[in-house]
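Q: what follows is a predicted structure for the sequence shown.
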Amino acid sequence: MKIKGIAWAGTKTENYEETKAFFENVLNFPVLEDKGIVTVYRLQNGDIFELLSPEAAPEIGHPKGCKVDFLVEDVHESVEELIAGGCESTGPVYSEETQDWTNFRVPDGNLYGFTNMRFHPLSQPEANRILFYGPHEANAYLSNWYPASIFLKGKIWPSTEHYYQAQKLAGTPYEEICRRMESPRLTFEFTRRPDVQVRKDWEDVKVDVMREAVFAKFSQNPELKEKLLNTGDLEIVENSPVDSFWGIGEDGTGKNMLGKVLMEVRDQLRKE
């Protein structure tokens, strides 16, 4: 099973009012809901912490210390895997509008739980994707326009965009002109001039050129390599509203080839 994180934690205490004052006045937990016998706090990252009085949640008894619930995609499937692994499920799967959840014990005797808490940020559709587009937006380091130098063909290129665009004109004086341009935008615009002739095999080789440039960027810049590897197995998506080949286009159905190249490079770097 895939555990997304710890979405819920709670503590059950005889000293309910004193503990409530501590969480609110000392730790400054923001109150989401006060149910009288249960106070619900929602932290900045979307996690829920609950303070329970002795009368609350009889199904969990009186656990020692905090109980935590792990965020999963499907609680029922996770319970099946749990039982298959030889662990004890201590009750049914409870359901309400915002979540399904259940409790179980692990070999140390402590009580834990599963939840699919639907309002948690990690349960949202975009939580499993890393979106990027421009060099000044979120995850800008993934953009070809990001200012990260690479060394290819015996020369230093100011960005992967400089190299990629210049290879449309490889073997001509224009290739060096592109390399020396002040910004990725200028190289992008230069290769679209009507008087500039792009190599005839460009459509056949452009993905390989992109892969070469992207690999150089992340293998030659250690801090960027670390960032890319830290994305784990999340899908990487160029959220371009205008490019349906390298990005996903205006309607989100584009090929996302740059995202795919980035994930290929990530896998390659992980194996090395």
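A: Alright, I've got the coordinates.
Q: residue contacts, the residue nearest to G5 when sequence neighbours are not counted?
A: The shortest distance from G5 to any non-neighbouring residue, by Cβ to Cβ, 6 or more residues apart in numbering, is to L71 (5.0 Å). Heads up, the C-betas are built off the backbone N, CA and C, glycines and all. L71 sits next to I3, K4, G5, I6, A7, W8, T115, N116, M117, H120, L122, S123 when contact means Cβ atoms under 8 Å, 6 or more residues apart in numbering.
Q: who wins on neighbours among those?
A: Using other Cβ atoms under 10 Å as the neighbour test, these are led by A7, with 27 neighbours.
Q: give me the nearest residue to that residue, chain neighbours excluded.
A: Ranked by Cβ to Cβ, 6+ apart and with sequence neighbours excluded, the top spatial neighbour of A7 is L71, at 3.8 Å.
Q: name whatever forms a beta bridge with the one you found.
A: For L71, the beta-bridge partners are G5, T115 (DSSP bridges).
Q: from Q124, how far off is it?
A: 12 Å (Cβ to Cβ, to the nearest Å).
Q: and the host helix or strand of Y41, how far out from the chain's middle?
A: Element membership for Y41 (DSSP states H and E) is strand 38-42. The gap between where strand 38-42 is centred and where its chain is centred comes out at 27 Å by Cα atoms, centre = their mean, to the nearest Å.
Q: sorry, back to before: ok, of the contacts of L71, which one's closest to N256?
A: Lowest distance from N256 to the contacts of L71 (Cβ to Cβ) belongs to L122, with 21.9 Å.
Q: quick check: nearest residue in space to F119, chain neighbours excluded?
A: T98 (5.8 Å).
Q: okay, now that neighbour: neighbour count?
A: T98: 13 neighbours (other Cβ under 10 Å).
Q: please shift the residue numbers so they start at 492 in all later answers.
A: Will do, 492 is the new start, and the previous item becomes T589.
Q: need the contact list for it.
A: T589 neighbours (Cβ under 8 Å, 6+ apart): M608, R609, F610.
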